[in-house]
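In: Sharing a model that was predicted from the sequence below.
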Amino acid sequence: MRLKLKLIAILIVGGIAIAQGGLPEPKGGVTIYVVKPGDTLWNISKRFYGNSLLWPRLWELNPSIDNPNKIFPGDVISLQPSQGSEPGIPVVKISPETIVDPIKDIGAPPPVYYYSQGGQEGFVAHDEWAHMGTIISSDPPKILLGYGDIVYTNVGTTDGVQSGDIFTVFRTSKPVLHPFTGRRIGYKVAILGELEIKDVRGKRMSTAVITNSFREITRGAKIRPQEPFVKEVVIKKGSGIANGLVVEYENLIEVAGQGDIVYIDVGKADSVVPGNTFTIYTNPRKAYDPDIGDDVVIPPDVKGKLIVFDVEENASTGLILQSKRQIEIGDPVSLDF
């Protein structure tokens with residue numbers, strides 16, 4: 001499926017009539033499309049054929065796609081059957097007998113949620129996240145560091161470090177406490193960037209270059225060997241009941257909204273996995289009813305939705321997908337299933 005970059009520039013107008021294969025002529029007359037972040041067969045069908053429900057026909061036109069839920073940026077999608085002018089693009093003509101009909105019976109594939117740089121949103125760790133070393137200085141010496149800066153670290157031959165090794169740069173800050181009980185949930189870890197070891201200069205000394213900077217890096221920042229972070233998650237239904245609270249924000253803000261990162265106090269111990277979604281609620285509250293002369297409880301109302309990216313033992317990191325009102329620390333969340 002992944003073709004050489006030279007195929008990305010190929011846009012051929014015309015071709016045989018796809019109507020014979022059960023698909024309308026694609027808008028713009030193009031015969032191939034290069035997948036971009038966030039694309040699915042569902043929205044590609046909507047864009048080029050005007051109907052999302054035609055995605056199974058588009059999938060059948062591209063038999064090299066093993067799973068319709070897993071297409072990736074850079075993939076090349078054929079929008080019309082090949083006439084032999086697009087070498088290397090695996091396509092197949094669809095006969096009228098293979099047309100899926102009626103289209104009203106076709107469901108959407110499970111959505112895939114993409115985000116730009118996995119890991120940079122940080123997370124809540126159950127401990128202070130063990131580090132291997134520290135950035136101790138830079139060349140030239142300065143306080144704030146960023147992309148391209150040369151730094152000195154206190155890791156070396158004693159740690160088995162070699163040139164080319166990649167490290168995650170991070171900072172562990174204040175403990176995260178339960179907003180009602182005061183129980184310590186964990187520690188807030190902020191991912192600052194990445195660096196690459198350039199020269200090992202002793203048992204506990206090496207030079208490195210900062211290759212990614214998500215936020216300001218300073219001397220004293222901790223480093224540990226790079227770990228893979230998920231860069232996409234398939235939205236999944238929960239496997240049980242998991243109720244918790246919003247316990248912290250990624251940034252120093254008083255309230256959160258759509259697009260903000262928050263941390264909740266449920267995780268692996270509650271069978272939460274990346275891709276789970278949670279509904280965010282208001283807290284129930286009391287109000288005085290003068291007609292009965294007593295307090296009544298106003299039930300919770302839906303505030304928004306979040307999707308989980310990273311899951312630790314007792315905490316998870318989530319992105320707010322939508323919010324009807326401000327999201328606050330202490331707001332209840334409930335796993336969707």
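Out: Cool, got the structure. Only a predicted model underlies this, so the values are computations on that prediction, with no experimental measurement involved.

In: Quickly find the element holding the residue nearest to L41 when sequence neighbours are not counted.
Out: Leaving out its chain neighbours, the residue that sits closest to L41 by Cβ to Cβ, 6 or more residues apart in numbering is W55, at 4.1 Å. C-betas here are computed from N, CA, C, even on glycine. For W55, the element it lies in under DSSP states H and E is helix 55-61.

In: repeat for N43
Out: Assigned by DSSP H and E, N43 belongs to helix 41-49.

In: how about that helix as PDB, C-alpha atoms only?
Out: In PDB, the C-alpha atoms belonging to helix 41-49 read as follows (Å, rounded to 0.1, in the frame of the first residue of the first chain):
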ATOM      1  CA  LEU A  41     -12.500   5.700   3.900                       C
ATOM      2  CA  TRP A  42     -15.700   7.100   5.200                       C
ATOM      3  CA  ASN A  43     -14.700  10.800   4.800                       C
ATOM      4  CA  ILE A  44     -12.800  10.200   1.500                       C
ATOM      5  CA  SER A  45     -16.000   8.700   0.000                       C
ATOM      6  CA  LYS A  46     -17.900  11.700   1.200                       C
ATOM      7  CA  ARG A  47     -15.400  14.100  -0.300                       C
ATOM      8  CA  PHE A  48     -15.000  12.600  -3.700                       C
ATOM      9  CA  TYR A  49     -18.300  10.800  -4.300                       C
END
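
In: The spatially closest residue to V297 that is not a sequence neighbour: neighbouring residues, count only.
Out: Excluding the flanking residues, the one nearest V297 by Cβ to Cβ, 6+ apart is P284, at 5.4 Å. By the criterion of other Cβ atoms under 10 Å, P284 has 11 neighbours.

In: List the contacts of P284.
Out: Contacts for P284 (Cβ atoms under 8 Å, 6 or more residues apart in numbering) come out as V297, I298, P299, P300.

In: now, among the residues you listed, which is nearest to G156?
Out: Closest approach between these and G156, by Cβ to Cβ: P300, at 54.7 Å.

In: and the closest one, which of the three is it?
Out: Counting by DSSP: H, G, I helix; E, B strand; the rest coil, the backbone at P300 sits in coil.

In: now do the one 5 residues further on
Out: K305 carries the three-state label strand when classified by three-state DSSP.

In: Quick check: bridge partners of it?
Out: Note on K305: beta-bridge partners by DSSP bridges are T279, Q322.

In: Can you get me the centre-to-centre distance for the helix holding N43 and its chain?
Out: For helix 41-49, the separation from the chain centroid amounts to 22 Å (computed by Cα atoms, centre = their mean, to the nearest Å).

In: what about the residue nearest to P73 when sequence neighbours are not counted, how many neighbours?
Out: Of all residues beyond its chain neighbours, the one nearest P73 is P37 (5.0 Å), with distances taken as Cβ to Cβ, 6+ apart. P37: 12 surrounding residues under other Cβ under 10 Å.

In: Report the buried residues of the lengthiest strand in the chain.
Out: As assigned by DSSP state E, the longest strand anywhere in the chain is strand 184-202. Across strand 184-202, burial judged by 16 or more other Cβ atoms under 10 Å covers 185-195, 197, 200.

In: Let's have the residues you listed in a markdown table, adding pLDDT.
Out: Listed next are the buried residues of strand 184-202 as a markdown table, based on pLDDT from 0 to 100:
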| residue | pLDDT |
| --- | --- |
| I185 | 84 |
| G186 | 84 |
| Y187 | 86 |
| K188 | 85 |
| V189 | 86 |
| A190 | 85 |
| I191 | 86 |
| L192 | 91 |
| G193 | 91 |
| E194 | 93 |
| L195 | 96 |
| I197 | 96 |
| V200 | 95 |
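
In: in the stretch 151-300 of the chain, what spans have low per-residue confidence?
Out: 228-232 (pLDDT under 70).

In: Which parts of it are helices?
Out: Taking DSSP state H, counting those that start in this stretch as the criterion, the stretch 151-300 of the chain carries no helices.
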